[in-house]
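Colleague: Structure for this input, please:
(one chain, ligands or ions: 1)
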Amino acid sequence: MAQLPILEFPDPRLRTKAVPVEAARLADPSFQQLFDDMFETMYEAPGIGLAASQIDVHQRFMVIDVTEDKIRPLVFVNPEITARQGEQVYQEGCLSVPNIFADVTRSDMITVQALDRHGQPFTLEVDGVLAVCVQHEMDHLDGKLFVDYLSPLKREMVRKKLAKARKQANAA
Ligand code: NI
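Modeller: Got it, this is the predicted structure:
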């Protein structure tokens, strides 16, 4: 397994709209390796979700595990939200926007349909942080970031803060 480099805001590649995965390609061992590498990268970061877009692969899949003990790794290929209910506000972060956290309003409960890592279709009804995470990662597949929900002024502050942090890291 290997850790993968994660693109960071405001990298324009994060704005790419990902294309659907051909299910037959999931049988390819390199695809399975990629899922494993994404989990490793996500757990090491540490984070609870990682979309393919963030590792510069612009196809519609993402990995998620919101458990503390890494006991529920989920792969979503070609995810679609088929139902939504209610609203919740959650303080989100993102591996592509390091050390920045902000409240975002999203659907409280969702039904999501996807293929698993072996191409088997499944449907999940989720709420709470898992619902937030699914919606957040699906945004990535459409080239959208959680900072897009902030005001332009706040987003610009985030951009400057990250630029400064990178400069300091490079100087160190
Ligand atoms: Ni993210």
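
Colleague: all contacts plus neighbour counts: C-alpha atoms, from now on.
Modeller: OK.

Colleague: Helices along this structure, start to end?
Modeller: 29-44, 128-141, 152-171 (DSSP state H).

Colleague: Which one of the ones you listed lies nearest to Pro73?
Modeller: helix 29-44 (7.8 Å; C-alpha to C-alpha).

Colleague: Which neighbouring elements make contact with that closest one?
Modeller: strand 49-51, strand 61-64 (3 or more C-alpha pairs under 8 Å, 6 or more residues apart in numbering; DSSP states H and E).

Colleague: Between helix 29-44 and the longest strand seen in the chain, find me the angle.
Modeller: Of all segments of type strand in the chain, defined using DSSP state E, the longest is strand 74-94. On the basis of axes from the mean of the first three to the mean of the last three C-alpha atoms, to 10 degrees, strand 74-94 is oriented at 40 degrees to helix 29-44.

Colleague: Okay, now the unreliable bits of this structure?
Modeller: 1 (pLDDT under 70).

Colleague: mind redoing it with 80?
Modeller: Counting by pLDDT under 80, the chain contains low-confidence residues at 1, 172.

Colleague: Excluding chain neighbours, what is closest to the residue nearest the centre of it?
Modeller: Centrality entry for the chain: nearest residue to the mean C-alpha point is Glu137, 3.2 Å, by C-alpha atoms, centre = their mean. Of all residues not flanking Glu137 in the chain, Ala51 sits nearest, at 5.5 Å (C-alpha to C-alpha, 6 or more residues apart in numbering).

Colleague: Tell me the bridge partners for that neighbour.
Modeller: Met62 (DSSP bridges).

Colleague: what residues are up against it?
Modeller: 61-63, 137-138, 140-141 (C-alpha atoms under 8 Å, 6 or more residues apart in numbering).
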